[in-house]
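Colleague: sequence plus predicted model, see below.
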Amino acid sequence: MAQLILNHLTKDFGAKGPGEGGPAVSDVSLTLRKQGFLALLGPSGCGKTTVLRMIAGFEQPTDGSIEFGECRLSDAVRVLPPEKRNMAMVFQSYALWPHMTVAENVGYPLKVRRISGEAWRSRVAEALSLVRLTAYADRRPSALSGGQRQRVALARCLVQQPDIVLLDEPLANLDQHLRKAMEETFRAFHERSGATMIYVTHDQAEAMALATDVAVMSEGKLLQVAPPADIYARPEGRVVGSLIGRGAIVRLRLPEKAGRQLDWPLLQAALAGRRSGHGHAGEGPLSDVLIRPEQVHPDSGGMPMRVLSSVFEGERSALTLALPDGQSLKAYSNKAFCHGTEVPFVISGGWRL
Amino acid sequence: MRVSDEIARGRRKATHAPAVDTDAEVRSGSRMLERPLRVLAKARCWQWLRLASGGAKDDGSEGERGPARVRLPKELTRALRGFDLPPPPYADEVRVPETRSAKAGPRRRSSYFRFRGKRMSGVGEPAWLLAFVCGAVFLLSVLPLIHLGWAGLKGLEGGEAASVLLEAATFAALRNTLVAAAGGMVISLVVGALFAFVVALTDIRGKLALSFAFMLPMMIPPQVTALAWVEMSGPSSPLLKTLGLAPPLGSPQPLYSLAGIALLLGVQHAPLVFLAIKAGLATHPRDGVEAARLSGASPWRVFRDIVLPLACPALIAGGAIAFISGIGNFGIPAILGIPASIETLPTLIFAKFASFGSSTFGEIAVLSTIIASISAGGLLLQQRALKGRDYRLIGLTGARAAFTLGRLRIAVETLLWGTLALVLVAPLLALVASSLVPAYGVPLTLHTVSLQAYGEVLFRQTVTLTALKNSVFLASAAAVGLLVIALPAGYLLAARRGRVANLLAILIEIPYALPGIVLAVAFILAFAAPLPVIGVSIYGTIWIILAAYLSSFFAVSLKPVMSAFLQMDPSLEEAARLAGAGFLRRMRDVLLPLVAPAAGASVILVFLIAANELTVSALLWSAGTQTLGVAIFNLDDSGSSNLASALSVLVVAVVIGLMATLEVLAKYLPEGVLPWRN
């Protein structure tokens, strides 16, 4: 099973208008682990869909290359056409052919590969049963709901046994409940097929839940690639820190020799120094510090903070707290607090971005 | 037989003049360019296509590299659950040259093609596609135009032809043409848009019948429309005489005026606007309108804020078609304008051609340049207006929007049916009435009614039967042949934008925008001499008419197909590409079924327009190759208005019968093929 390598990939649409400056994708280098599940995460317009379309072969890079094992798929000179790459894609609009039935849609990649008769039928039936749509085989896509159409699109990928499956915000048009179910379907699909999957999304929860690796993009640049747990615990920079997980970024003066993993005494000193405006531990340049809500606990030995809001979420309450200097923090708590009360909290850890 | 004499005279002269030109062309070594032309003229488009596709393999990327070792699929193919996946059909590996592209710098694409933002992939279509479309456009459009332009230059050289520009008659004709075409466009837009919006968006009853009836004027030849209206409104109208409403003899015929010409142009071309808007509205998703209703907008407000802006491209396109058709129309100003001495540019050209002189070709070329620039100006305006209005809708479009009219419904229905009664039923009744009288000017009563004209037309005049056969052959060959060209052209023009695409689009439009007379002259110039290699001239045969039809109706055929390609969600094709389908494969399996409704509409449109054509065939016909339009015109011109009416009634009956047959077959046809159905 070959590796997919993006090598200094750049795409410039040649936009000359003012305010459109800069390439859509700029110098993205990435090696996908074999049979990995990569989530491309980023705000809309960050170039992640362009990367996906370059991998599929719909766009030609203006610079750099895409390689799959020994074979170069794309560079600025040559492009292996999409139909010759054994890839499959789930489009945001599903891209089901309205003039074919569900079974014909699913079986089309097989038909192109000249599989017919019993083999065609059994494989289509198998793919449809995996997405639980066997009963709908003879319907037209227009007679299906959004979630069903999505599952047809997935079955179409499944039947083809592709080397790489590309998913372009596949859950964007589905409701929450369906998303959870589809996430499960995707995960099962990944495990059973062993295909390399690339999943474009702007929803970090989706990315974390599904992916073996998360790549964060912003303004055409690749900021960080790491497994979900790593990127959650050790994000690089403000953009990644704010995109991944829920958390608050506060600006604190930290001593230069302090590491990136911060503990409570250090944070307490920094916060105290901040409050007095000058001070002992609060020396040094201003740094961005990411503090996750689960790192903030109510504790009688802590620092008093004012509760700005308390939202009951079922299993717990989500609090917004104001630090003494006015910056805000997020915290979880098992009991509700009244708006405006001052409660002592301890910050068990932080991460300098 | 005045007109046919003039036609014959013009034809005789025409054979001499161009022979020199074409000989010069052959000497200058354009044999390579002219060779496929023979193929095309023989309507063997399929063979040409096959040649083109076969040839393409040699310059495709695979062939260049030779049969590479199939490494990719072996590595990639997995056996999953007992199934071996065969390699994709294009399993050869493309080895990219070892040059480090990262250092090579951004690749410079051909500056003539800017790929369109979302749709293209540098490798979207095979190279032969562009060559095929360019070749077709060259043969159908550029070659005749070059001959025409050359004749014009030769005319200008002598200085005689240039003086036509300064003649008062030219200015008057230009003014008349513009006024009539603009007036006609406004009428077409108002009537066509009214019908289209009401039929597509509201809950009135009898939509099918309304659409069916409204499409009819377009299928009736313009000269027949003009004759019918003249029969309806003049002092000698059999219908008015029968009803006792006829104005006194000697009172003026109100239609013999510029306003009359504009009115009939509007009636004639309103279905074009209707079709364009209806097709545009059919792609609107219902939820857009519903969202606006929920935003608090009243139905009128929704119409103004949502429906109208989305229908704007269709309105502009429809208006442009109506305007250009109005400029090129010959039948209506010929019948209404000439008696009142109102010349438009097409009738002026016809008159010049009839009084054939030494500078005729030069003058005609100069005059047609004026028309070509007006049409080109209209097209440029249309393109500018359409810029930034690419409302492509993502995904599937569901049911179309519906407004409930409530109490207004009866009023609207009355308005529509009343309009139809006035512009369609009354003229047709007048036509029927004048076909039933034994001679011109006789009122229709129980005593005078006679079927003699029909018997004459159907059994005694072999000319009319030949004309019918010729017209059916020409129309079907043109419709099918053009579809073969329009499908690749529409795909290519929708996928690419840039200078070459714009140029192609304009070159395709020009022959349609040119009056049939000018196009006919261009084809005489281009094809009068024997074709190279085979040494046979197609001039005087039916093939030159077919070639001129292919050229003239290319734009008609292309429009629906191209808008279908433009409105298609590009991911539908992309999904097929990823499924492994090569160009021809996905064309066949995915694209063609999706554009089939538009292709069907294109075939029907071309067939109906070509079957009713008069102007081109008026110059190109010879004994045995006359068309229905020529037969009707000649019969009327020789004073047999009852025979002309009878033949017209038969034509209208056949058209209605054909439409009704399609209607019966509708459930077996792909959805959307029949323009009058929802």
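Modeller: Noted; the coordinates are in hand.
Colleague: list the buried ones in the longest strand along chain A?
Modeller: If you go by DSSP state E, chain A has its longest strand at strand A:296-312. For strand A:296-312, the neighbour count (16 or more other CB atoms under 10 Å in any protein chain shown) marks A:296, A:298, A:302-303, A:305-307, A:310 as buried. Backbone N, C-alpha and C define where each C-beta goes, glycine included.
Colleague: and stretch B:651-664, by the same measure?
Modeller: For stretch B:651-664, the neighbour count (16+ other CB under 10 Å) marks B:651-652, B:654-656, B:659, B:662 as buried.
Colleague: ok, and which of the residues you listed reach chain A?
Modeller: Near chain A, judged by CB under 8 Å from any CB of the partner chain, there are no entries from those.
Colleague: turn the residues you listed into TSV, including pLDDT and secondary structure.
Modeller: Formatted as TSV, the buried residues of stretch B:651-664 follow (pLDDT from 0 to 100; DSSP: H, G, I helix; E, B strand; the rest coil):
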residue	pLDDT	secondary structure
B:Val651	82	helix
B:Val652	84	helix
B:Val654	76	helix
B:Val655	78	helix
B:Ile656	81	helix
B:Met659	74	helix
B:Leu662	68	helix
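Colleague: go through these and name the one nearest chain A.
Modeller: B:Leu662 (20.1 Å; CB to the nearest CB).
Colleague: care to break chain A down by domain?
Modeller: Taking automatic domain parsing as the criterion, chain A consists of the domains A:4-234, A:248-352.
Colleague: just say which of those domains is most tucked in.
Modeller: Comparing the domains of chain A by mean neighbour count (mean count of other CB atoms under 10 Å in any protein chain shown), domain A:4-234 comes out on top with a mean of 20.
Colleague: how long is that one end to end?
Modeller: Taking CA to CA, to the nearest Å, the first and last residues of domain A:4-234 lie 25 Å apart.
Colleague: same check, this time on stretch A:318-328
Modeller: Terminal residues of stretch A:318-328 lie 13 Å apart, using CA to CA.
Colleague: and what of stretch B:491-506?
Modeller: 16 Å.
Colleague: just to revisit the earlier point, how about the buried residues of strand A:296-312, which pair is most distant?
Modeller: Maximum pairwise distance among the buried residues of strand A:296-312 (CB to CB): 18.2 Å, between A:Met303 and A:Ser310.
Colleague: so who does B:Arg407 touch?
Modeller: If a contact means CB atoms under 8 Å, 6 or more residues apart in numbering or on different chains, then B:Arg407 has no contacts.
Colleague: which pLDDT value belongs to it?
Modeller: Per-residue confidence at B:Arg407 stands at 81 (pLDDT).
Colleague: got the phi/psi numbers for it?
Modeller: Main-chain dihedrals, B:Arg407, degrees, to the nearest 10: phi -70, psi -20.
Colleague: how far off centre is stretch B:235-249?
Modeller: Relative to its parent chain, stretch B:235-249 has a centroid offset of 37 Å by CA atoms, centre = their mean, to the nearest Å.
Colleague: what do you get for stretch B:477-489?
Modeller: Computed by CA atoms, centre = their mean, the chain-centroid distance of stretch B:477-489 equals 12 Å.
Colleague: ok, back up a step: gap between the longest strand of chain A and the chain center?
Modeller: On CA atoms, centre = their mean, the centre of strand A:296-312 falls 30 Å from that of its chain.
Colleague: which elements pack onto it?
Modeller: With contacts taken as 3 or more CB pairs under 8 Å, 6 or more residues apart in numbering or on different chains; DSSP states H and E, strand A:296-312 sits against helix A:264-276, strand A:317-322, strand A:328-333, strand A:342-347.
Colleague: make it 7 Å
Modeller: strand A:317-322, strand A:328-333, strand A:342-347 (3 or more CB pairs under 7 Å, 6 or more residues apart in numbering or on different chains; DSSP states H and E).
Colleague: neighbouring strands - and their directions - for the next helix or strand after the last one?
Modeller: Heading C-terminal from strand A:342-347, the first helix or strand you meet, by DSSP states H and E, is strand A:350-352. Within its sheet, strand A:350-352 is paired with strand A:261-262 (antiparallel), strand A:286-291 (antiparallel), according to DSSP bridges.
Colleague: let's have the ones you listed in TSV, adding distance to B:Ser325 and mean pLDDT.
Modeller: Shown next, in TSV, are the strands paired with strand A:350-352 (distance: least, CB to CB, whole Å; pLDDT from 0 to 100):
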stretch	distance to B:Ser325	mean pLDDT
strand A:261-262	77	83
strand A:286-291	67	85
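Colleague: ok, which of the ones you listed comes nearest A:Trp97?
Modeller: Nearest to A:Trp97, of the strands paired with strand A:350-352 and by CB to CB, is strand A:286-291 at 46.1 Å.
Colleague: run through who's touching the closest one.
Modeller: Outside of strand A:286-291, the residues within contact range by CB atoms under 7 Å, 6 or more residues apart in numbering or on different chains are A:235, A:238, A:241, A:247-254, A:262, A:329, A:347, A:350-353.
Colleague: model confidence for residue 343, exactly?
Modeller: With no chain named, the answer covers chain A. With respect to pLDDT, A:Val343 has a value of 85.
Colleague: um, chain B though
Modeller: 89.
Colleague: partner residues bridging the closest residue to A:Ala331 other than its chain neighbours?
Modeller: Spatial nearest neighbour of A:Ala331, excluding adjacent residues (CB to CB, 6 or more residues apart in numbering or on different chains): A:Val296 at 3.7 Å. In this entry, A:Val296 is beta-bridged to A:Ile347, by DSSP bridges.
Colleague: OK, contacts around A:Val296?
Modeller: For A:Val296, the contacting residues are A:329, A:331, A:345, A:347, by CB under 7 Å, 6+ apart.
Colleague: and the residues you listed, which two are furthest apart?
Modeller: Top of the distance list for the contacts of A:Val296 (CB to CB): A:Ala331 and A:Ile347, 9.0 Å.
Colleague: count the residues that sit near B:Ala131.
Modeller: 14 (other CB atoms under 10 Å in any protein chain shown).
Colleague: related to what we said a few turns ago, reformat the buried residues of stretch B:651-664 as a markdown table; add distance to A:Ala143.
Modeller: As requested, these are arranged in a markdown table below (distance: CB to CB, whole Å):
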| residue | distance to A:Ala143 |
| --- | --- |
| B:Val651 | 43 |
| B:Val652 | 41 |
| B:Val654 | 39 |
| B:Val655 | 37 |
| B:Ile656 | 36 |
| B:Met659 | 31 |
| B:Leu662 | 27 |
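Colleague: out of those residues, which comes closest to B:Pro221?
Modeller: B:Val651 (7.1 Å).
Colleague: the closest one reaches B:Thr627, doesn't it?
Modeller: No - if you go by CB atoms under 7 Å, B:Val651 and B:Thr627 don't touch, sitting 11.0 Å apart.
Colleague: where in the stretch 201-350 of chain B is pLDDT low?
Modeller: Along the stretch 201-350 of chain B, the model assigns pLDDT under 70 to residues B:282-288.
Colleague: which parts of it are helices?
Modeller: Counting by DSSP state H, counting those that start in this stretch, the stretch 201-350 of chain B has helices at residues B:207-219, B:222-233, B:238-243, B:258-282, B:286-294, B:299-302, B:308-328, B:331-337, B:345-354.
Colleague: now the stretch 501-650 of chain B
Modeller: For the stretch 501-650 of chain B, the helices defined by DSSP H, counting those that start in this stretch occupy B:516-527, B:542-552, B:554-567, B:570-578, B:583-586, B:592-611, B:615-620, B:628-637, B:641-664.
Colleague: report the buried residues of the first one.
Modeller: Counting neighbours by 16+ other CB under 10 Å, one finds that the buried residues in helix B:516-527 are B:516-527.
Colleague: format these as JSON lines; extra columns: pLDDT.
Modeller: Below are these laid out as JSON lines (pLDDT from 0 to 100):
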{"residue": "B:Gly516", "pLDDT": "74"}
{"residue": "B:Ile517", "pLDDT": "72"}
{"residue": "B:Val518", "pLDDT": "75"}
{"residue": "B:Leu519", "pLDDT": "83"}
{"residue": "B:Ala520", "pLDDT": "82"}
{"residue": "B:Val521", "pLDDT": "76"}
{"residue": "B:Ala522", "pLDDT": "84"}
{"residue": "B:Phe523", "pLDDT": "85"}
{"residue": "B:Ile524", "pLDDT": "77"}
{"residue": "B:Leu525", "pLDDT": "76"}
{"residue": "B:Ala526", "pLDDT": "82"}
{"residue": "B:Phe527", "pLDDT": "81"}
